[in-house]
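K.L.:
What follows is a predicted protein model with its sequence.
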Amino acid sequence: MIIMKHILILICIGAFSFNTLQAQKVIHPHHNNNVKAGSWRVLGTVHAKHTADHDALNVPGPHDYYRKIKFKVTDSPVNIQRLVARYDDGAPENINTRVEIPKGGESRVIDLKGGKRKLKSIEFWYDTKGFLNGKADVTVFAMK
């Protein structure tokens, strides 16, 4: 009986630990090949929790030559402190930016210097402005 109790306690601790260590859930939209230049495309949404400090969003394929990105935030304000765009050749582009996005707000448009490279992922460091605000849904948009 004591062994069963210990096993149950270990299972509960393991489930709780897994839940708190899971930093994000990324939602990728259905890919639309008919996106025209000059229109915004949703690359995906990250559920940024107050327990994490950065996330990466892998751009769903087929990859494309995006020139601009922006972020839209719901549920909680977010401070984005650093950004790294990675391209199909593996090269990173460090983007020096510090942007505060209020709940329900958008970032400014951020220009990418990709050139003849296709965008593969975007990694960003952030804080969600306090423990009580919970998680923020951060949606990343890109434009050709």
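P.N.:
Thanks, I have the structure now. None of these values were measured; they are calculated from a predicted model. Numbers count the residues shown, from 1 in each chain.

K.L.:
make it CA atoms for all contacts and neighbour counts henceforth
P.N.:
Fine.

K.L.:
Surely E123 touches V46?
P.N.:
No: when contacts are counted by Cα atoms under 8 Å, E123 is not listed as touching V46 (10.8 Å).

K.L.:
Dig out what R41 forms beta bridges with.
P.N.:
A142 (DSSP bridges).

K.L.:
ditto for T45
P.N.:
Taking DSSP bridges as the rule, T45 bridges to I27, T139.

K.L.:
was I right about it contacting V140?
P.N.:
Yes: using Cα under 8 Å as the test, T45 is close enough to V140 to be in contact (6.2 Å).

K.L.:
hmm, back to that, joint contacts of E123 and V46?
P.N.:
When contacts are counted by Cα atoms under 8 Å, 6 or more residues apart in numbering, E123 and V46 have D55, L57 as shared neighbours.

K.L.:
Looking at those two, which one has more neighbours?
P.N.:
Between E123 and V46, V46 has the larger neighbour count (other Cα atoms under 10 Å), namely 21 against 16.

K.L.:
Surely the more buried one is in contact with L57?
P.N.:
Yes: between V46 and L57 a contact is recorded at 7.2 Å, counting by Cα under 8 Å.

K.L.:
give me the number of residues near L57?
P.N.:
For L57, the tally of surrounding residues (other Cα under 10 Å) stands at 22.

K.L.:
what's the helix or strand for it?
P.N.:
Taking DSSP states H and E as the definition, L57 sits inside strand 54-58.

K.L.:
how near is the most centrally placed residue in the chain to K70?
P.N.:
The centroid of the chain falls nearest to V46 when counting by Cα atoms, centre = their mean (4.0 Å). Distance of V46 to K70, given as Cα to Cα, to the nearest Å: 13 Å.
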